[in-house]
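J.: Structure of the sequence below:
(4 chains)
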2 protein chains.
Amino acid sequence: MPARRRPNSNSESVDNYLKAILSLSGPERRRVTSTSLADHLGVAPASITNMLQKLAAATVPLVEYERHRGVLLSPAGRRRALEVLRHHRLIETFLYEILDYPIEEVHEEAERLEHFISERFEERIAAKLGHPRIDPHGHSIPTMEGEMTERNSILLSEVLGEGSFVIDSVSDRDPGALRRLKASGIRPGASLRVRKRSAAAGYSVSIGRSSRTFALSHEAADGIRLLPSVK
Amino acid sequence: MPARRRPNSNSESVDNYLKAILSLSGPERRRVTSTSLADHLGVAPASITNMLQKLAAATVPLVEYERHRGVLLSPAGRRRALEVLRHHRLIETFLYEILDYPIEEVHEEAERLEHFISERFEERIAAKLGHPRIDPHGHSIPTMEGEMTERNSILLSEVLGEGSFVIDSVSDRDPGALRRLKASGIRPGASLRVRKRSAAAGYSVSIGRSSRTFALSHEAADGIRLLPSVK
DNA sequence: CCTAATAATTAGGTATACCTAAATCGATAA
DNA sequence: TTATCGATTTAGGTATACCTAATTATTAGG
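T.: So this is what the prediction gives:
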């Protein structure tokens, strides 16, 4: 019994499985496959099956699991996943606002600390930050009650034609990409105009009032969420 | 291989063993017995032996261990122990100063987080706090280079007669005791006068200029370090 | 100097969270 | 309908960090 740290039986690993399922199942709460979890978490598919069976068999089941049919979060699993996600985004905001971290470094630190902070820590940084609802990447922060407002943003990679948008959020998973986007002025709230799209070359976009365009790969476009421009 | 988190092969458990050895071996760097480690860490003596053998056999040994003769930290072990101790005390100071934690709650949170913060986090909170050298309990914070200034304070429990002192530090290990001490005005920097001592009943002391005395058990006296009053 | 008590170690086992290799399931294409 | 292929699961192992019970060292007393 090494983990006397979590009396709630939620280890760091369990937390990460729950977060991954939350993220991959999307707002529509689709069933999530073992393979996509294995990819997302970087572990062997067999390990996924093992863990899902364990999570489903717990006294308070954290997932709903059927062999060969993927998983869904149970209410308890969803609750915990949202709590960890809240931790993650509060910590990111805190590192960025209070400790002056460069934006591309907040994710990695939050990814570790999210599992270990207490209720008190959560509450104190939230208070210090004025109970923020959005993190520095533009993602919304679940409430203490486990509610998360979903904006109906779309991925830049789903945009087919030209048009004007406001940048909703930017993925935090790749620090290098994030640093490059920052350098181009791509950050939540900025306006973005799609000039041209080609299946092969990706996108040609411009930011703000500038007429200078630059290229974005499809991969980069997969990390940028947009809202229709209100203008 | 669950802990890809620590490429340096220092798990949370290893960190805790190193810290315990550092603390128990004292400024004189006495050899530390398995039993005292088992007590301090709350694990079975057999587990101690196992871990010490592992730490001593590592490519870069973290302890010097001889069967039946106790352990000492190796240079590498001492370096890591002081790094973790620095983390602990910086985090405590940070929680107290920046996040307005009650003094008796900082220890437990720091105990968890000390293992997981990055170099950057350490550096940022140190900067934010103005590179403090003393934590809120009066303990000195090791430098980034792994040096720790030792003041030659004495334990209240070692005081035999009457006398006047300045409180150097207060143990953080028991939140309840710490809360009671705080309520009595016992905190680093305050002056303390020992009025009476009896082997059975403990101490009768007064704080500051007050003539009001109160009682301290021997147990409480074991958590209070004193410096001679300079007056 | 020997023995009894105490301290420390060895032996053997548990749970977590991974892994690889082998087996099996299920969806589709002939 | 069935053969096939990719997805998934089962079987069997590893390492960490604990545990208890049994054994062996050390040390202090008679």
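J.: Please see if stretch A:99-118 touches chain B.
T.: Yes - if you take CB under 8 Å from any CB of the partner chain as the test, stretch A:99-118 does meet chain B, through A:Leu99, A:Asp100, A:Tyr101, A:Glu105, A:Glu108, A:Glu109, A:Arg112, A:Leu113, A:Phe116, A:Ile117, A:Ser118. For every residue, glycine as well, the C-beta is placed using N, CA and C.
J.: Filter these down to the buried ones.
T.: Buried residues within the residues of stretch A:99-118 next to chain B, counting neighbours by 16 or more other CB atoms under 10 Å in any protein chain shown: A:Leu99, A:Tyr101, A:Glu105, A:Glu109, A:Arg112, A:Leu113, A:Phe116, A:Ile117.
J.: Which residues are in contact with the last one?
T.: Which is A:Ile117. When contacts are counted by CB atoms under 8 Å, 6 or more residues apart in numbering or on different chains, A:Ile117 touches A:His87, A:Ile91, B:Glu109, B:Leu113.
J.: tell me which of those is nearest to DNA strand D?
T.: B:Leu113 (17.2 Å; CB to the nearest atom of the strand).
J.: how much space between that closest one and DNA strand C?
T.: 19 Å (CB to the nearest atom of the strand, to the nearest Å).
J.: and that residue, what is it in contact with?
T.: Counted by CB under 8 Å, 6+ apart, B:Leu113 has contacts A:Leu113, A:Phe116, A:Ile117, B:His87, B:Ile91.
J.: ok so, going back, could you provide the contacts of A:Ile117 in JSON lines, with additional columns for pLDDT?
T.: Output for those, formatted as JSON lines (pLDDT from 0 to 100):
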{"residue": "A:His87", "pLDDT": "97"}
{"residue": "A:Ile91", "pLDDT": "98"}
{"residue": "B:Glu109", "pLDDT": "97"}
{"residue": "B:Leu113", "pLDDT": "97"}
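J.: which residues of chain A fall in strands?
T.: With DSSP state E, the ranges of strands along chain A come out as A:63-65, A:71-73, A:154-155, A:163-170, A:191-198, A:202-207, A:213-216, A:224-228.
J.: What pairs with the third one, parallel or antiparallel?
T.: Put plainly, it is strand A:154-155. strand A:224-228 (antiparallel) (DSSP bridges).
J.: Report the buried residues of the partner strand.
T.: In strand A:224-228, counting by 16+ other CB under 10 Å, buried: A:Ile224, A:Arg225, A:Leu226, A:Leu227.
J.: how about those residues in a markdown table, adding distance to DNA strand C?
T.: Shown next, in a markdown table, are these (distance: CB to the nearest atom of the strand, whole Å):
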| residue | distance to DNA strand C |
| --- | --- |
| A:Ile224 | 30 |
| A:Arg225 | 29 |
| A:Leu226 | 32 |
| A:Leu227 | 34 |
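J.: ok, these vs chain B, which is closest?
T.: A:Ile224 (26.0 Å; CB to the nearest CB).
J.: so where is chain A shaky, pLDDT-wise?
T.: A:1-10, A:231 (pLDDT under 70).
J.: what's the neighbour count on the nearest residue in space to A:Ser36 that is not next to it in sequence?
T.: Leaving aside its sequence neighbours, A:Ser36 sits nearest to A:Leu24 (CB to CB, 6 or more residues apart in numbering or on different chains; 5.5 Å). For A:Leu24, the neighbour count with other CB atoms under 10 Å in any protein chain shown is 18.
J.: residues touching A:Leu24, list them.
T.: Taking CB under 8 Å, 6+ apart, we find A:Leu24 in contact with A:Arg30, A:Val32, A:Ser36, A:Leu37, A:His40.
J.: pretty sure the fourth one contacts A:Lys19?
T.: No - with contact defined as CB atoms under 8 Å, A:Leu37 does not reach A:Lys19; the gap is 10.8 Å.
J.: List the beta-bridge partners for the closest residue to A:Leu52 other than its chain neighbours.
T.: Leaving aside its sequence neighbours, A:Leu52 sits nearest to A:Tyr65 (CB to CB, 6+ apart; 4.8 Å). Beta-bridge pairing for A:Tyr65 (DSSP bridges): A:Val71.
J.: Go ahead and confirm A:Tyr65 touches A:Leu73.
T.: No - A:Tyr65 lies out of contact with A:Leu73 (CB under 8 Å); the separation is 10.3 Å.
J.: Adding neighbour count, write the contacts of A:Leu24 out as TSV.
T.: Listed next are these as TSV, based on neighbours: other CB atoms under 10 Å in any protein chain shown:
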residue	neighbour count
A:Arg30	11
A:Val32	23
A:Ser36	15
A:Leu37	22
A:His40	18
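J.: Which ones among those residues lie within helices?
T.: Judged by DSSP state H, the subset of these located in helices is A:Ser36, A:Leu37, A:His40.
J.: before we move on, back to that, so, if you compare the contacts of A:Leu24, which one comes nearest to DNA strand D?
T.: Using CB to the nearest atom of the strand, the contacts of A:Leu24 come closest to DNA strand D at A:Ser36, 6.9 Å.
J.: Tell me how far the closest one lies from B:Thr33.
T.: As for A:Ser36, its distance to B:Thr33 is 52 Å (criterion: CB to CB, to the nearest Å).
J.: what's the neighbour count on A:Ser157?
T.: 18.
J.: From what I see, it and A:Arg225 are in contact.
T.: No - look at A:Ser157 against A:Arg225 with CB under 8 Å: they stay out of range, at 9.8 Å.
J.: quick one on the thing from earlier: would you format the contacts of A:Leu24 as JSON lines with distance to A:Ala56 included?
T.: Shown next, in JSON lines, are the contacts of A:Leu24 (distance: CB to CB, whole Å):
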{"residue": "A:Arg30", "distance to A:Ala56": "17"}
{"residue": "A:Val32", "distance to A:Ala56": "13"}
{"residue": "A:Ser36", "distance to A:Ala56": "17"}
{"residue": "A:Leu37", "distance to A:Ala56": "14"}
{"residue": "A:His40", "distance to A:Ala56": "19"}
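J.: If anything else comes up later, I'll come back, but that's it for now.
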